[in-house]
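In: when you get a sec, could you give me coordinates for this:
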Amino acid sequence: MKIAVIVGSLRKDSINRKIAKELIEVAPKPLALETIEIGDLPLFNDDLDSDNPPSAWVNFRQKIKACDGVIFVTPEYNRSVPGVLKNAIDVGSRPYGSSVWSGKPAAVISASPGAIGGFGANHHLRQSLVFLDMPTMQQPEAYLSQFEEVTDRTRKYLEKIVNAYANWAMKIRENRT
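Out: Down below sits the predicted model:
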């Protein structure tokens with residue numbers, strides 16, 4: 001299964017990007033994880049989504065459409081998701097009736113140097129995923145608090161998460177065929 005990994009932080013050395021890289025390294029064989037960048041997407045504006053939408057939108061939509069599932073790795077900004085991540089979700093959900101997200105199994109991992117590990121962002125993102133018709137893995141939950149670097153303990157935890165996602169996403173896929 002081809003799985004998109006979307007990182008909600010644009011910083012090249014962000015803790016969330018480090019987590020995404022680690023997920024890619026520890027993912028089990030049935031999964032092929034690939035980071036899809038969101039930093040070059042123009043802000044969503046319905047007026048631009050005409051016969052000739054921005055090429056960055058078209059490329060992003062094609063990449064997500066070609067994937068079998070999505071893992072979101074996000075920081076928390078003001079108890080919610082970063083604007084760049086919300087923009088990517090909006091771009092992929094349009095034009096109305098042509099969402100690239102629909103039916104794709106999703107997982108949400110949030111990480112923060114703070115004490116609650118991005119709990120607010122994690123759950124705020126899940127609210128959007130419900131509307132987008134993305135079945136979202138419920139367990140194990142993934143809130144990485146007081147996070148600074150990937151350690152052996154973190155690596156084992158991320159491996160547990162991505163293995164659970166692989167098993168769960170395969171079941172979703174089997175039920176849809």
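In: for residue 4, which non-adjacent residue is spatially closest?
Out: residue 67 (4.2 Å; C-beta to C-beta, 6 or more residues apart in numbering). C-betas here are computed from N, CA, C, even on glycine.
In: wait, what's in contact with the one you found?
Out: Contact partners of residue 67, counting by C-beta atoms under 8 Å, 6 or more residues apart in numbering, are 2-4, 34, 36, 104.
In: quick check: the spatially most central residue of the chain vs residue 120, distance?
Out: For the chain, the residue sitting closest to the mean C-alpha position, by C-alpha atoms, centre = their mean, is residue 72 at 1.8 Å. Residue 72 sits 14 Å away from residue 120, going by C-beta to C-beta, to the nearest Å.
In: go on, residue 96?
Out: For residue 96 relative to residue 120 (C-beta to C-beta), the value is 28 Å.
In: who has more neighbours out of the two?
Out: Taking neighbours as other C-beta atoms under 10 Å, residue 96 and residue 120 compare with residue 120 leading, 19 against 8.
In: what sits against the more buried one?
Out: 76, 79-80.
In: need phi/psi at it.
Out: Main-chain dihedrals, residue 120, degrees, to the nearest 10: phi -60, psi -50.
In: so for it, what's the pLDDT?
Out: Per-residue confidence for residue 120 comes out at a pLDDT of 93.
In: if I look at it, how far off is residue 85?
Out: 13 Å.
In: which elements pack onto the host helix or strand of residue 64?
Out: In this structure, residue 64 sits in helix 55-65 according to DSSP states H and E. Packing partners of helix 55-65 (3 or more C-beta pairs under 8 Å, 6 or more residues apart in numbering; DSSP states H and E): helix 83-92.
In: what angle do the helix it packs on and helix 55-65 make?
Out: 80 degrees (axes from the mean of the first three to the mean of the last three C-alpha atoms, to 10 degrees).
In: dump the helix or strand that contains residue 22 to PDB, restricted to CA.
Out: According to DSSP H and E, residue 22 maps onto helix 15-26. Written as PDB, here are the backbone C-alpha positions of helix 15-26 (Å, rounded to 0.1, in the frame of the first residue of the first chain):
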ATOM      1  CA  ILE A  15      10.400  17.400  15.400                       C
ATOM      2  CA  ASN A  16       7.400  16.400  13.400                       C
ATOM      3  CA  ARG A  17       9.600  16.000  10.300                       C
ATOM      4  CA  LYS A  18      12.000  13.800  12.300                       C
ATOM      5  CA  ILE A  19       9.000  11.600  13.400                       C
ATOM      6  CA  ALA A  20       7.900  11.300   9.700                       C
ATOM      7  CA  LYS A  21      11.400  10.200   8.600                       C
ATOM      8  CA  GLU A  22      11.500   7.600  11.400                       C
ATOM      9  CA  LEU A  23       8.000   6.300  10.400                       C
ATOM     10  CA  ILE A  24       9.300   5.800   6.900                       C
ATOM     11  CA  GLU A  25      12.300   3.900   8.200                       C
ATOM     12  CA  VAL A  26      10.400   1.600  10.500                       C
END
